[in-house]
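Engineer: sequence and predicted structure below; questions after.
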Amino acid sequence: MKTLFTPISAGKLRLQHRVVMAPTTRMRTEVGGVPGELMVEYYRQRASEGGLLIAEATAISPFANAYADAPGIFSDEQQAGWQRLVEAVHAKGSQIVLQLWHPGRQSLPELSAGRPPVAPSALVARDTYGVGKDAQGNYEGRLFPEPRELDENAIVAIIDEFQRAAQRALAAGFDGVELHAANGYLPEQFLLDGSNKRNDKWGGSLANRARFLLDVVAVLTDVWGSGRVSVRISPSGIYGDMHDSDPATTFRYLVEKLNDFSLAYLHIIEPRIVGPEDRENGSYAEPVASRELRPFFSGMIIAAGGFKPEAAEAMLVNGDADLIAFGRLFTANPDLPERIRQGHPFTAWDRDTFFGGDARGYTDFPAWVS
Ligand SMILES: Cc1cc2nc3c(=O)[nH]c(=O)nc-3n(C[C@H](O)[C@H](O)[C@H](O)COP(=O)(O)O)c2cc1C
């Protein structure tokens, strides 16, 4: 595991090892999408000297959310909650970036100030569920209603919301921001031709479909400068009813354009993953992963999706990526970097407590040596 524990710089992030915590929605905020003491403890447990945590998908706007008790970064209370969390992580010598999220057509009105979801085109994400709450406060899976097609003014307003969220993340003390452009959320809805049927400047040609994502990266970079903004993509992703007629060309184009921004890193989900799960059958026509995109990107690459330590090390040794993000393993192994370094066994994750709940299945997984 030598390469996993070789220091590296990703933009302005200076890291002592390459075992990154992937963003993982756990639906455990306090009222109003505010990170509270429970979340502070969760992230504190997973912080390590010289490590990098990517905080979970965080709503940039009160008008777009898909999961009850997911956090936001649009109110003063939320910002203050994140600030406490960042301070706890920094106190352990770790860095942390915030994943900025607009779910677009994957939004539930009940979590979005009553507004219907919005999207580049009025196409529903079929067979895709958000998580609301019933009258007793129990979590309940809900299909997303048909979205409203965004007009030009509304698109510009959302880009402004990304900018304000980036400013709040900076004020909260984060080390950077990651644009969530994966898993079928708004930036990817613009990018792929399966979900974008527009014929104005935000749709049609590949350049037009990429415009929204690149304009958002531009405003994030205006706020943060170079080396602290990053983008997460799922080039073979089908989660959220996503598809594209030519993903290899689409993502190669995007990645080449991202070279203009001096990103901290590009974060790529491997084809073997669908959202939070392993893909069950390899039906996707043209899988695109870090290996294919590497030649077109000039910066650091984080690969994610289904990695165990041996495969992670091999990926780095082959040069297909520079860092590896772990999602599910980190949920049950708070000391994951140290466990990998020492070769200790892993605790199995508990899918039943992934989404929502209390400390059980969240902060009660002990470190190997506690
Ligand atoms: C409980 C859970 C929540 C997740 N939430 C997010 C999220 O907020 N943002 C995101 O980009 N990916 C999310 N993912 C996907 C993970 O970041 C990761 O890509 C996926 O789990 C595959 O990696 P793994 O095999 O190491 O778990 C989530 C996955 C799980 C299991």
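Structural biologist: Cool, the structure landed.

Engineer: please make it C-alpha for all contacts and neighbour counts, starting now.
Structural biologist: Fine.

Engineer: and the helices in the stretch 1-150 of the chain?
Structural biologist: For the stretch 1-150 of the chain, the helices defined by DSSP state H, counting those that start in this stretch occupy 37-46, 76-91.

Engineer: what's the local residue count around Tyr43?
Structural biologist: 21 (other Cα atoms under 10 Å).

Engineer: now swap in Met27 and tell me
Structural biologist: Neighbour tally, Met27, other Cα under 10 Å: 22.

Engineer: which ones are touching Val20?
Structural biologist: Gly51, Leu52, Leu53, Ile54, Leu323, Ile324, Ala325, Phe326 (Cα atoms under 8 Å, 6 or more residues apart in numbering).

Engineer: which residues are contacting the helix or strand of the chain with the lowest mean pLDDT?
Structural biologist: None of the helices or strands of the chain scores lower by mean pLDDT, DSSP states H and E than strand 273-274, at a mean of 74. Here strand 273-274 makes contact (Cα under 8 Å, 6+ apart) with Asn183, Gly237, Ile238, Tyr239, Arg279, Gly305, Gly306.

Engineer: stretch 304-313 now?
Structural biologist: Here stretch 304-313 has contacts from 1-4, 22, 267-273, 278, 324-327, 340, using Cα under 8 Å, 6+ apart.

Engineer: what's the answer for stretch 327-342, then?
Structural biologist: Contacts of stretch 327-342 (Cα under 8 Å, 6+ apart): 1, 5, 19, 21-24, 45-48, 304-305, 309, 345-350, 361-362, 365-368.

Engineer: same check on stretch 32-48?
Structural biologist: Residues contacting stretch 32-48 (Cα under 8 Å, 6+ apart): 21, 28-30, 53, 69-72, 77-79, 81-82, 84-85, 88-89, 92-95, 330, 334-337, 359, 362-363.

Engineer: pull out the buried positions in that stretch.
Structural biologist: Going by neighbour count (16 or more other Cα atoms under 10 Å), the buried part of stretch 32-48 is 33-36, 38-48.

Engineer: same deal with stretch 222-238?
Structural biologist: 223-238.

Engineer: with stretch 121-131 instead?
Structural biologist: Those would be Ser121, Ala122, Leu123, Val124, Ala125, Tyr129, Gly130, Val131, for stretch 121-131 by 16+ other Cα under 10 Å.

Engineer: thinking again about what came up before, from the buried residues of stretch 222-238, which ones fall inside helices?
Structural biologist: Within the buried residues of stretch 222-238, residues falling in helices by DSSP state H are Val223, Trp224.

Engineer: and which of the buried residues of stretch 222-238 is nearest to Arg105?
Structural biologist: Taking Cα to Cα as the measure, Arg105 lies nearest Ile238 of the buried residues of stretch 222-238, at 14.6 Å.

Engineer: and that closest one, what does it touch?
Structural biologist: Ile238 touches Asn183, Gly184, Val274, counting by Cα under 8 Å, 6+ apart.

Engineer: who wins on neighbours among those residues?
Structural biologist: In the contacts of Ile238, the most neighbours by other Cα under 10 Å go to Gly184, 28 neighbours.

Engineer: quick revisit: now the contacts of stretch 327-342: which count as buried?
Structural biologist: 1, 5, 19, 21-24, 45-48, 304-305, 309, 347, 349, 361-362, 365, 367.

Engineer: would you point out which residue is most central in this structure?
Structural biologist: Nearest to the geometric centre of the chain sits His180, at 4.5 Å (Cα atoms, centre = their mean).

Engineer: and that residue, what element?
Structural biologist: strand 176-181 (DSSP states H and E).

Engineer: which residues are in contact with that strand?
Structural biologist: Residues contacting strand 176-181 (Cα under 8 Å, 6+ apart): 54, 57, 96-102, 166, 169-170, 187-188, 213, 217, 220, 224, 228-234.

Engineer: repeat for stretch 183-198
Structural biologist: Here stretch 183-198 has contacts from 101-106, 119-121, 123, 180-182, 202-204, 206, 209-210, 212-213, 233-234, 237-245, 247, 250, 274-275, using Cα under 8 Å, 6+ apart.
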